[in-house]
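Participant: sequence first, predicted coordinates after that:
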Amino acid sequence: MEVETRSSMVYSIGKDGNRFCEVISVKYRRKLFSRRDAYDLKGSDALFWKAARENCAYVYARCPEYRTILDDAGFSPADLQSMEDLARLPFLPTALFKRRRLFTLPRWRLPLVVSSSGTSGRASQIGFTVGDLWAGLKMVLRICRLRKLLSWRPCHYVVLGYQPRHKNRTGVSRTAFGVTLFTPALSRTYALRWKNGDYVLDLEGVQNAIVKHAGSRFPLRFMGFPAYAWFLMKRMEEQGVRVRLPRGSKLMLGGGWKQFYAEQVDKGEFYALAKKVLGLEENQIIEFFGAVEHPIFYNDCTRHHFHVPIYSRILIRDPVSFEPVPNGTPGLVNLISPMDVGTPLLSVMTDDLGILHDGCSCGCGLESPWLELLGRVGLQDIKTCAAGASELLNKVEVTL
Amino acid sequence: MILANGKQYESALQDRLLGELEERINATLAGPGLEPETVIAAIDALGRRVEAGDFDARIAALQIDGAEQYRDLAIRLLRRDHLEFKLRTELGADFRPDYHTAPPAGLPRLRVLARPLGVLLHIAAGNADGLPAFSVAEGLVTGNINILKLPQADNGLSLEILQALLEIEPRLSDYLYVFDTPSSDLAAIQKMAALSDGIVVWGGEAAVAAVRRLAHPGTRLIEWGHRLSFAYLAGPRPEAELRALAEHIVTTKQLLCSSCQVIYLDTEDMGAVRAFCERFWPILEGAALAHRPSTIGAVAELSLRARTDRLEALLDGGAARPWSSPLCSLLPREDSALELSPMFGSVPVKPLPRRRIIPVLRQAKPYLQTAGLGCPAEEREELLKLLVRAGLTRITYPGGMSETIPGEAHDGAYPLRRYLRMVDVALPEVSEAGRKLP
């Protein structure tokens, strides 16, 4: 092990006299992403912190902004000597990626640059190297196999999201398309269709496709925003449309509730409606969770909880001191993964509040802890009459 | 939800109700009118219901910091003696004057009647809980018929207050129409405007500009726009005063028109600015810790924003900023411009020697409101005059910038006067004098 460490890292002295290790390859990542058991957190700890150190050193040497931030905090990649040290590693808030373009390679050398969907304001841009994409692919294949999402049996697909086009670089549209590659696709129907220079929501077309495919020999798979699935099923319910989808059909949800927060529905109600109008059982509904800034493939277990896979670790931090808090305590969600070296994503702080629960509290059999998301941070319901304040806070003012 | 003639209607009935509105308004105008006493008695009774706890659950549901204080303030402001004091201050002893002028000998006298403007359209931005109800109450007490377009972000409080008022005094129902028309329904709003003699608009520049575009040029516009306020400190200030200022900054979160956006020091020396920051910092930080936001989401937002700003400044080559924490910060600045602070406990501190008060503040003249003046007693009058000449409409003390003091004007005007018109009635003596007048 030690020999390998030495062979993949070059220790050098930075201009400011700090010692840092320059990594030429990221072999611990390869090992981590090749492991068999995707939820064996304890068994992968040693590999994880080494992969994290390797990632940290690699990015530190190639991304001047990242180096500035670590130097300012007095943290060197070599300081990562155990899992506990991950808590001391400076994190980057996801908002920083919206304000800055942070890459380790010139943009043209990155095979893929993905934008966040940017619910409001500017979108972040995240770069992926070829190696990042391979690691990601291995992870997706492993987890999909586990959840039996891969099959040679062809399917029809309904994407409750954007029709892909060259200019749409958002992570959501790419993920949604990627999911339609899990099995051979017989057809793809998109809810958001590109028409005359704009995306239009075509629930009617989707509904027709569902009714048509319900009589098919092949399963139908949905992929997309939960809110659209909810609107679609509500629409079917109101119009009295009921179908029984072929065996093996699946409803896959991801991308969050977006601007439909107000419509957010109870999960139980959602499953009941899916059963009623589509004839889908609860175990045929799978929810994904991920962020462009933390491209790790989370999906829910049979009890609909998001367990942490080995490619990722989560720290929940106190919102003022940023110190990690014990499991069961709400705080800011800090996501850590050595997957990406195109952009410094090793430790990112989301603007979500969440709770990390002990794995055993789920009961599905997985021992890895699971994440409960409580929602966005925010100064809710701000009322202001200071001149210019509402504009500054990006609040939509009453305009007539 | 629409409220018209004391009844609730579905929003879908808006166009029909708007179509009937002119006829109803004309019928009301032909009637005996609304006496101030009727409205005062109703508001006083409402205040007693608040005092009795009838609205406690509703107030608690608002989840605002310091709700208890707001409740006590509301009880005081709704009382008859306060309402009468307000009317006396703004309109004179008679509330609705009807008198004869007494010109120099030889000139004809006039009978003067102060009467309601007629119909007021209130367009209230959702920038304060219950503000639309307050605006309507001012319209009622001056005897006007009121059409209220609710703000989109309204949380239902205003409608509840107004309904409670109607329960207490059903006679008010002819004087009160509430529509939840969305701002995008321009045709409906234009219709309401066309029925009105005056439009009362609360909100930022965009809202005010939009109302100016849609109103008839002859309609009286009563605009309550957004303002900026600051603290002005001269000479060495006592600890207690700085403590009160810090408390004001963190409790109002700098969100109010009257909140301190900038701390000005009567100096030209940046060294003095930094020395002030050094002294004020522990006081501000202490106040911020004592009043940290009650929800974890708000605290998290503030600290994340502070961390992101800090990292961005670092990447821009800036060193770590002193006097900065997730909950508050002091920002020493070399310029003197009056500007909006980053709010939530972050205050720019700027030099503004007294000889430059007028040229600097004139640059911000559309926004000037309150100055919290802290200075040696013997200099107060001089500084006060300078601030008044620069265009301020409220001069108070650093700690009490946002305190409501009964009898205050609103942004330099008495609102109730603007909701009335003065009617001149010629007396028979003019008819007799006929063409002999010059």
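Facilitator: In hand now; what should we look at?
Participant: okay, CA-based contacts and neighbour counts for the rest of this
Facilitator: Noted.
Participant: ok, B:Arg274 - contacts?
Facilitator: B:Pro332 (Cα atoms under 8 Å, 6 or more residues apart in numbering or on different chains).
Participant: right, I mislabeled it, should have said B:Arg115
Facilitator: Residues near B:Arg115 by Cα under 8 Å, 6+ apart: B:Arg96, B:Thr142, B:Gly143, B:Leu420, B:Arg421, B:Met422, B:Val423.
Participant: helix/strand/coil for the closest residue to chain B within the stretch 101-250 of chain A?
Facilitator: Using Cα to the nearest Cα, A:Leu102 is the residue of the stretch 101-250 of chain A that sits closest to chain B, at 11.0 Å. Classification of A:Leu102 by DSSP: H, G, I helix; E, B strand; the rest coil places it in coil.
Participant: ok, for it, nearest residue in space, not its chain neighbours?
Facilitator: A:Thr343 (5.7 Å; Cα to Cα, 6 or more residues apart in numbering or on different chains).
Participant: can you verify that neighbour is assigned to a helix?
Facilitator: No. Counting by three-state DSSP, A:Thr343 falls outside a helix, being coil.
Participant: quick one, phi psi at it?
Facilitator: Phi and psi for A:Thr343, reported as degrees, to the nearest 10, are phi -140, psi 150.
Participant: count the neighbours of it for me.
Facilitator: Neighbour count of A:Thr343, defined by other Cα atoms under 10 Å in any protein chain shown: 24.
Participant: pretty sure it sits against A:Arg100.
Facilitator: No. If you go by Cα atoms under 8 Å, A:Thr343 and A:Arg100 don't touch, sitting 11.0 Å apart.
Participant: look up how far A:Glu84 lies from the closest residue in space to B:Leu91 that isn't next to it in sequence.
Facilitator: Spatial nearest neighbour of B:Leu91, excluding adjacent residues (Cα to Cα, 6+ apart): B:Arg417 at 6.4 Å. Per Cα to Cα, to the nearest Å, B:Arg417 is found 68 Å from A:Glu84.
Participant: these two: who's more crowded?
Facilitator: Neighbours per residue, other Cα under 10 Å: of B:Arg417 and A:Glu84, the larger number sits with B:Arg417, 17 against 10.
Participant: CA atoms only: put the strand or helix carrying the more buried one into PDB for me.
Facilitator: For B:Arg417, the element it lies in under DSSP states H and E is helix B:415-418. C-alpha atoms of helix B:415-418 as PDB (Å, rounded to 0.1, in the frame of the first residue of the first chain):
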ATOM      1  CA  PRO B 415     -51.700  60.900   5.500                       C
ATOM      2  CA  LEU B 416     -55.200  61.700   6.600                       C
ATOM      3  CA  ARG B 417     -55.000  65.100   5.100                       C
ATOM      4  CA  ARG B 418     -54.200  63.600   1.700                       C
END
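Participant: which helix is the longest one in chain A?
Facilitator: helix A:41-62 (DSSP state H).
Participant: wait, does that helix make contact with chain B?
Facilitator: No. Judged by Cα under 8 Å from any Cα of the partner chain, helix A:41-62 stays clear of chain B, getting no closer than 14.2 Å.
Participant: if you average pLDDT over that helix, what comes out?
Facilitator: For helix A:41-62, the mean pLDDT works out to 94.
Participant: mind listing what's buried in that helix?
Facilitator: In terms of neighbour count (16 or more other Cα atoms under 10 Å in any protein chain shown), helix A:41-62 has its buried residues at A:41, A:44-45, A:47-62.
Participant: same check on stretch B:377-394?
Facilitator: Buried residues in stretch B:377-394, counted by 16+ other Cα under 10 Å: B:Leu383, B:Leu384, B:Leu386, B:Leu387, B:Ala390, B:Gly391, B:Leu392, B:Thr393, B:Arg394.
Participant: just the ones of those in helices?
Facilitator: Counting by DSSP H, the buried residues of stretch B:377-394 contribute B:Leu383, B:Leu384, B:Leu386, B:Leu387, B:Ala390 to helices.
Participant: now the helices for chain A?
Facilitator: Secondary structure of chain A (DSSP H): helices at A:2-8, A:27-34, A:41-62, A:64-72, A:94-99, A:130-146, A:171-179, A:203-214, A:226-238, A:267-278, A:389-392.
Participant: what does the second one contact?
Facilitator: Residues from elsewhere that reach helix A:27-34 (Cα under 8 Å, 6+ apart): A:8, A:44, A:47-48, A:50-51, A:54, A:135, A:138-139, A:310-311, A:338-339.
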